[in-house]
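K.L.:
I would like to see how this sequence folds:
(one chain, ligands or ions: 1)
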Amino acid sequence: MEFFPMNSLPPDHFLSQPRPDSSNPIFPGVVDTTTLAAHDFDVDNRSGFMPPQEPLGRLPAQWEAWEEVLDAAITDRLQLGEKADQGLEEREKSSRWRSRVRELPILPTTELKISEVVLRRSHIVLAWIMHFYIRTIPPGEPIRIPPSVTIPLLQVSNHLQLPPVLTYSDDVLYNWKFKSSSPSGLGVPDLQDLQCHTLFTGTKDEEEFYLSSARIELRGVEALSLMRSTMDELFVGDEIAVKRITNYLTRLATVINDLTSLLMAVRGGCDPEVFYHEIRPWFKGADSDGEPWVFEGLDREEAEGLEIPTELSGPSAGQSSLIHALDIFLGVHEYSHSKSITGDESSSSASPSTSTSTSTSSPPPTNEKKSFLDRMRLYMPRHHRNFLGHLASSQRPLRQFVINNAGTGQEGSALMQAYNRAIVALKEFRDKHIVIVTLYIIGPARRAAQGSAQTKGREELKGTGGTNLARFLKDVRDGTKDAALDRVV
Ligand code: HEM
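P.N.:
Predicted coordinates for the structure are as follows:
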C-alpha cells in the first residue's frame, strides 16, 4: 500500500472524503489508496449508485424518538394541509402531531457520525419528518420548522454535504428493501424484488413512482460497465480500440432504450391524478411554492456553525447520477447542462452549439449562473458527485476520440454512427420523459385549473426541483440532440 501525506490534498478532493462506511479502517493522517476504484466513489459493480445491501431501516435506540414520530405520521395517515376537503378532526390530528415534533428534545448527532449508513438513515428520517411537518400546515400559515428538527437535520446534512431537504437519495437510492425474504443471487438488488421502505401516502402509486427510478438505476449498472470498458479502450486508442468502442456504444444505446422502457412502465402502477394531487405535494421544495421556510433555533448554542440553508429544491430524478454520468461520458453535458438552462424564468433555449459539424464546437456560454442540472449535483451523495467530477476530468474524452477518428475510413464512420445512436437513444429517453411529465403534471394541472373557480398561478407548473418545467425539459432534450455529430437526429 502506498501512502501520500493527507495535507497535500485539498479538502474537497475525493481522496479526502471519508470512506462510504467508516467502519473500514482509516489510518490517521494518510490517504487511503487501498482500492482506488469505483468503491471509493461508492459505486458498486453490481448495483451502481444503489447500495448492494439493503439500506439501514431503523436508527439505533438513542434516536428512536425520531423514528417513532415518523412512524406516527405514517400510521396516522396525516393529510396534506392544502387539502380543502379535510375535516376538523384531520386538521387537529396533524396539529397534535406537529406539536409532538416541536416538543421533541434536540437529540445530539455526534455519535451518528460513526457510520455513513447511520448518517444516511438520519437524513432520511429527519427530512421525511420535515416534509410531513411543512406540508401538513394549512395554506397561508407561516412555515416555521422547529429546532428539534432543524438543528440535527442541518448537522447531519453538513456532515453528509447534502442540503437539509428530501433528496433523490432519500426517496430512491436508500429507500428500499427486498420484497422476498430470501433475495436472489448474492443478495444484490434485483429489478423486480424491491419494495419501498418509507412512503408519505402508503399508496402503491407512490411506491411505483420511486421504484421506477430505482429500476432505472439498476438497469444502468450495465451502462456503467460499458463506460468503464470504453475508458480502458480510450487509453489504448488503437484500431482495435475503435472497433471495441463501436461495439460498446452500440450496446450502450440498447441499455438506454431499456431505461426508456422502464421509465414508461411507471404508467402501469402510478396513476397520474393520484400522483399529482396526493403524492407530489408532499415532497415539493421551498422553491416550488411562495411561502418561505423558516429554520428556527439557529441562534442557539447547539446550532454553532450552522447557517441558514439556501439549497432547498425538492427531490427530482434530475439528481440521478446515472443520467448525469451518461451525459458526461457522451460529452452531451456541454449541451444539456448549458449554463443558460437554469430551469427558472431566465432559462433560454440557447445551447452551446447547434452545429452538426464533426470538428467544431462553440465555446461554452459565459452566463455565470449554474445550470439546473449542475446545481442538482449538490443534492447527490458526495461520493457520487466526486465520481462525476472524476468522469468529467477524463484526459481522453470519448467525444474527442470519435471526432478525431471520424474521418479515418469505414471504421471511424461506424464509430461515429454508434456514438450518434447512443445520443439519439438519450434524446429519445428525454422525449419520452416529456411525455411522462405531460401525463403526470401538465395534464392534471390543466384539468385542476379548469375545474377550479380560482385561477391557478404559474407556479402550478413548476417542477419538484422548482424548474419552469416544460421549457426546461425541452431545452435539455434539444441540447442532447445538438450534441450529435451527424444529421441523424
Ligand atoms: C412520473 C414520473 C416522473 C415525473 C412526473 C417526472 C418529473 C420531472 C420533472 C418535473 C422534472 C423537471 C425538474 C424538476 O423541477 O424537478 C424532471 C427532471 C428530470 N427527470 Fe423526471 N420525472 C419522472 C420520472 C423520472 C424517472 C423515472 C427518471 C429516471 C431516473 C427521470 C429523470 C429525470 C431527469 C434526468 C431529469 C432532469 C432533466 C433531464 O436530464 O432531462 N424522471 N422530472
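K.L.:
if I pick residue 336, what's in contact with it?
P.N.:
Residues near residue 336 by Cβ atoms under 8 Å, 6 or more residues apart in numbering: 327, 351, 373, 476, 479-480, 483. C-betas here are computed from N, CA, C, even on glycine.
K.L.:
hmm, 7 Å instead?
P.N.:
Neighbouring residues of residue 336 by Cβ atoms under 7 Å, 6 or more residues apart in numbering: 327, 373, 476, 479-480.
K.L.:
how about the residues of the stretch 101-250 of the chain near the ligand?
P.N.:
209, 212-213, 216 (Cβ under 6 Å from any ligand atom).
K.L.:
kindly supply the PyMOL command isolating those of the contacts of residue 336 that are buried.
P.N.:
A single PyMOL command selects the buried members of the contacts of residue 336 (16 or more other Cβ atoms under 10 Å):
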select buried, resi 327+373+476+479+480
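K.L.:
between the contacts of residue 336, which is nearest the ligand?
P.N.:
The nearest member of the contacts of residue 336 to the ligand, counting by Cβ to the nearest ligand atom, is residue 476 at 4.1 Å.
K.L.:
what would the residues of the stretch 101-250 of the chain next to the ligand look like in JSON lines with neighbour count?
P.N.:
As requested, these are exported to JSON lines (neighbours: other Cβ atoms under 10 Å):
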{"residue": "209", "neighbour count": "24"}
{"residue": "212", "neighbour count": "21"}
{"residue": "213", "neighbour count": "23"}
{"residue": "216", "neighbour count": "25"}
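K.L.:
so which of the residues you listed belong to helices?
P.N.:
Secondary structure assignment by DSSP state H places 209, 212-213, 216 of these in helices.
K.L.:
model confidence for residue 19, exactly?
P.N.:
Reading off the confidence values, residue 19 has pLDDT 53.
K.L.:
hmm, I typed the wrong one, I wanted residue 38.
P.N.:
The model's pLDDT for residue 38 equals 51.
K.L.:
domain parsing for the chain?
P.N.:
Following automatic domain parsing, the chain resolves into domains at 62-165+274-303, 210-271+316-482.
K.L.:
go ahead and flag the most central residue of the chain.
P.N.:
residue 319 (2.3 Å; Cα atoms, centre = their mean).
K.L.:
how about that residue, nearest residue that isn't a chain neighbour?
P.N.:
In space, and not counting its chain neighbours, residue 319 is closest to residue 168: 3.8 Å by Cβ to Cβ, 6 or more residues apart in numbering.
K.L.:
state the number of residues packed around that neighbour.
P.N.:
Residues contacting residue 168 under the criterion other Cβ atoms under 10 Å number 27.
K.L.:
pLDDT score for it?
P.N.:
Residue 168 is given a pLDDT of 98.
K.L.:
dump the residue contacts of it.
P.N.:
315-317, 319-320, 379.
K.L.:
hmm, what's the outermost residue in this structure?
P.N.:
Most remote from the centre of the chain, using Cα atoms, centre = their mean: residue 409, at 40.6 Å.
K.L.:
low-confidence ranges in the stretch 1-150 of the chain?
P.N.:
1-40 (pLDDT under 70).
K.L.:
name the nearest residue to the residue of it found nearest the ligand, ignoring sequence neighbours.
P.N.:
Closest contact between the stretch 1-150 of the chain and the ligand, by Cβ to the nearest ligand atom, is at residue 49 (10.3 Å). Leaving out its chain neighbours, the residue that sits closest to residue 49 by Cβ to Cβ, 6+ apart is residue 321, at 4.9 Å.
K.L.:
near the one you found, how many other residues are there?
P.N.:
Residue 321: 29 neighbours (other Cβ under 10 Å).
K.L.:
which stretches of the stretch 301-450 of the chain form helices?
P.N.:
Counting by DSSP state H, counting those that start in this stretch, one finds helices in the stretch 301-450 of the chain at the ranges 321-330, 333-336, 372-376, 382-392, 398-405, 410-437, 443-451.
K.L.:
just tell me which of the ones you listed ends up closest to residue 145.
P.N.:
helix 372-376 (22.1 Å; Cβ to Cβ).
K.L.:
now that closest one: average pLDDT?
P.N.:
92.
K.L.:
so how far is that helix from its chain's centroid?
P.N.:
Relative to its parent chain, helix 372-376 has a centroid offset of 10 Å by Cα atoms, centre = their mean, to the nearest Å.
K.L.:
pLDDT weak spots in the stretch 351-489 of the chain?
P.N.:
In the stretch 351-489 of the chain, residues with pLDDT under 70: 351-368, 453-467, 487-489.
K.L.:
now with 80, please.
P.N.:
Along the stretch 351-489 of the chain, the parts satisfying pLDDT under 80 run over 351-369, 451-467, 486-489.
K.L.:
phi, psi of residue 332?
P.N.:
When read as degrees, to the nearest 10, the backbone of residue 332 gives phi -80, psi -20.
K.L.:
how much space between it and residue 390?
P.N.:
According to Cβ to Cβ, to the nearest Å, residue 332 stands 18 Å off from residue 390.
K.L.:
same check, this time on residue 327
P.N.:
15 Å.
K.L.:
now residue 207: closest residue in space that isn't a chain neighbour?
P.N.:
residue 196 (4.6 Å).
K.L.:
how deep is that neighbour tucked in, by neighbour count?
P.N.:
There are 19 residues near residue 196, going by other Cβ under 10 Å.
K.L.:
that one contacts residue 208, correct?
P.N.:
No - Residue 196 is not in contact with residue 208 according to Cβ atoms under 7 Å; the separation is 9.1 Å.
K.L.:
just give me how far stretch 193-200 sits from the chain centre.
P.N.:
Here stretch 193-200 is found 17 Å from its chain centre; the criterion is Cα atoms, centre = their mean.
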